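Asker: The following block contains a protein sequence and its predicted model.
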Amino acid sequence: MSNQPEPGIRAPGAVHRILLAAGIAACAVLAPPAHAQAPSLNQGPAAETAIDRLPSFRPMVEKVMPAVVNISVIERADTEQTAQAGPGVPEGMPYDEMLRRFFGGPDQSPPDLGPRMALGSGFIISADGYVVTNNHVAGDAEKVTIIFQDGSRHPGKVIGTDDKTDLALLKIDAASPLPYLTFGDSDDAKPGDWVVAVGNPFGLGGSVSAGIISARGRDLHSGPYDDFLQLDAPINRGNSGGPTFNTRGEVIGINTAILSPSGGSVGIGFAIPSNLAKSVVAQLQAHGKVTRGWLGVAIQEVTPDIATALGLKEPQGALVTDVTEGGPAARAGVKPGDLIEAYDGQPIRQSHDLPKLVADTGVGKPARLTVRRGGKDETLTVSIAEMPIDRTASGSSGAEPGGAALGLALSDLTPPLAQQLHLADGTKGALVVAVERDGVAAAAGIRPGDVIEQIDQEPVRDATAAAKRLTAALEHDKRALLLIDRAGQRRFVAVSTEKGHG
């Protein structure tokens, strides 16, 4: 039998020898002579502990770091409207802790005093210089400068942006091949897996932080395709657009948002999964824009109470609340009250599963809907159309004609949302979920999170009623008087589509 100690279990040399010496009293081991010097705790093999066996990320970081860049942006001089319509969730919107994008946000933006500078992160995805970042970093860019790890600065060009997934693609004119990163499979990333985030927090330059995936499939209600990875790796403002790596050095996420009461990291960060980003980036690279499929229905989540009423064993599927006249779903025979249980054979577990599946369907391609109607399942075939501007794939944020004319999108106000918005019990109206930065609504000061309670002093109960009344008012007078409820405070706002007004 070997006398060698087990791997990782080492005894100080002097004590080890005493224990092997036969006939020595135990007291000689426990009480060495006063002049004997005890072994140092941090010298020799005795110092090795479990912490020494933790993996080091240094080899991976050294490999990927040259392809991670800092991005400096001079934005166009329309920051006030951008703030009102930007991707950050505004004050009073769901989550009292203030879900914020890393850069910007309605309650943080200065008055419109001219161009301002933004800092963010990004990463190179090809040897010829394509760079991925967030739309909220570069979407309003007038001038983009991309800064490499060696400090060299290169002008960048915005190739395309997609505000629905908060992604942007930039391009550097590279004189020689550049180091670049590859996307990994984000579906393979599971809670508990190690991740590393690299970026430019607070403008400090290339910084590395490590953590684990805390959860998958987070829906933050910031867009129709929310499917975030939740991370506990410390990330802060300036990390926006930077990559999240697995231990193989593959990009599995793009850092985009944090949940924080203070604006700094509290260990709850969110990254766009790479499998969602791949197709968006490919379309931006090929066409400079993203084309998505469109079904033409408004949907809502199935609550436990609704599931019971429908005779379901568990709440699942997407419940149709409205069907766009003349749209693909209407032509296929979909009706309000239908429960869409599956799309092309793929089960709809939650309502937000449907927009993602529809968006990824090619324009003109047929799709099979499994619909529950009157307690029975039916199969309908729908021909997917191209998503119009200001629509979501399923139509769930439903920018009706009246809303489109003003540059806003409306949704029904549910009781849970009303509670999170600090509205009085029984508040009715249409919830503003998006505002075009250059639209009439933005110019009038309307923000996402506002609730339209009245139009021309007539109450409106939901988004459909508000859109119809807006359409009628704008067609007749080209103006309307809106009563807006913002976090429990009401005020009137006048809007007009006449030139020179609003």
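Answerer: Happy to help now that I have it. What you see is a predicted model, and the numbers here were worked out from it, not measured in a lab.

Asker: who's in contact with the longest strand seen in the chain?
Answerer: Longest strand in the chain, counting residues (DSSP state E): strand 207-218. Applying CB atoms under 8 Å, 6 or more residues apart in numbering, the external contacts of strand 207-218 come out as 57, 61, 65, 189-201, 226-235, 267-268, 270. C-betas here are computed from N, CA, C, even on glycine.

Asker: Looks to me like residue 69 is in a helix.
Answerer: No - assigned with DSSP: H, G, I helix; E, B strand; the rest coil, residue 69 falls outside any helix and is strand.

Asker: Could you pull up the residues touching it?
Answerer: Shown in contact with residue 69 (CB under 8 Å, 6+ apart): 121-124, 131, 146-149.

Asker: Quickly list what it is bridged to.
Answerer: Applying DSSP bridges to residue 69 gives these bridge partners: residue 122.

Asker: so what's it scoring on pLDDT?
Answerer: Note on residue 69: pLDDT of 93.

Asker: all helices of the stretch 351-500 of the chain, in order?
Answerer: Along the stretch 351-500 of the chain, counting by DSSP state H, counting those that start in this stretch, helices occupy 353-359, 401-406, 415-420, 440-443, 463-476.

Asker: For stretch 451-471, list the C-alpha coordinates in PDB.
Answerer: Extracted C-alpha coordinates of stretch 451-471, given in PDB (Å, rounded to 0.1, in the frame of the first residue of the first chain):
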ATOM      1  CA  VAL A 451     -53.500  55.000 -19.500                       C
ATOM      2  CA  ILE A 452     -56.000  56.700 -21.900                       C
ATOM      3  CA  GLU A 453     -59.300  57.000 -19.900                       C
ATOM      4  CA  GLN A 454     -61.200  59.400 -22.000                       C
ATOM      5  CA  ILE A 455     -61.200  60.600 -25.600                       C
ATOM      6  CA  ASP A 456     -63.000  63.900 -26.300                       C
ATOM      7  CA  GLN A 457     -64.500  63.600 -22.800                       C
ATOM      8  CA  GLU A 458     -66.100  60.200 -23.500                       C
ATOM      9  CA  PRO A 459     -64.800  57.200 -21.400                       C
ATOM     10  CA  VAL A 460     -63.100  54.300 -23.200                       C
ATOM     11  CA  ARG A 461     -62.900  50.900 -21.600                       C
ATOM     12  CA  ASP A 462     -60.200  49.000 -23.600                       C
ATOM     13  CA  ALA A 463     -57.700  49.300 -26.400                       C
ATOM     14  CA  THR A 464     -60.200  48.400 -29.200                       C
ATOM     15  CA  ALA A 465     -62.700  51.100 -28.100                       C
ATOM     16  CA  ALA A 466     -59.800  53.700 -27.800                       C
ATOM     17  CA  ALA A 467     -58.500  52.900 -31.200                       C
ATOM     18  CA  LYS A 468     -61.900  53.200 -32.800                       C
ATOM     19  CA  ARG A 469     -62.700  56.500 -31.100                       C
ATOM     20  CA  LEU A 470     -59.300  57.900 -32.000                       C
ATOM     21  CA  THR A 471     -59.700  56.900 -35.600                       C
END
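
Asker: before we move on, the earlier item: okay, the helices of the stretch 351-500 of the chain in TSV with mean neighbour count, mean pLDDT and distance to residue 253 next?
Answerer: Formatted as TSV, the helices of the stretch 351-500 of the chain follow (neighbours: other CB atoms under 10 Å; pLDDT from 0 to 100; distance: least, CB to CB, whole Å):
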stretch	mean neighbour count	mean pLDDT	distance to residue 253
helix 353-359	24	89	16
helix 401-406	22	60	32
helix 415-420	15	76	27
helix 440-443	23	84	31
helix 463-476	20	83	33
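
Asker: CSV for these, including distance to residue 252?
Answerer: Converted to CSV, those look like this (distance: least, CB to CB, whole Å):
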stretch, distance to residue 252
helix 353-359, 18
helix 401-406, 36
helix 415-420, 31
helix 440-443, 35
helix 463-476, 36
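
Asker: Now the buried members of the contacts of strand 207-218.
Answerer: 57, 61, 189, 195-201, 226-235, 268, 270 (16 or more other CB atoms under 10 Å).

Asker: how about low-confidence regions in the stretch 201-350 of the chain?
Answerer: In the predicted model of the stretch 201-350 of the chain, residues 220-224, 259-265 satisfy pLDDT under 70.

Asker: What is the end-to-end distance of stretch 286-306?
Answerer: Using CA to CA, to the nearest Å, the end-to-end distance of stretch 286-306 comes to 43 Å.

Asker: go on, stretch 250-269?
Answerer: First residue to last in stretch 250-269 (CA to CA) measures 19 Å.

Asker: Which residue ranges of the stretch 201-350 of the chain form strands?
Answerer: In the stretch 201-350 of the chain, the segments counted as strands under DSSP state E, counting those that start in this stretch are 207-218, 228-231, 243-245, 251-259, 269-273, 293-294, 297-301, 318-323, 339-343, 346-347.

Asker: Any buried residues in the longest strand of the chain, and which?
Answerer: Neighbour-count burial for strand 207-218 [16+ other CB under 10 Å]: 207-211, 213-214, 218.

Asker: Sweet, I'm off.
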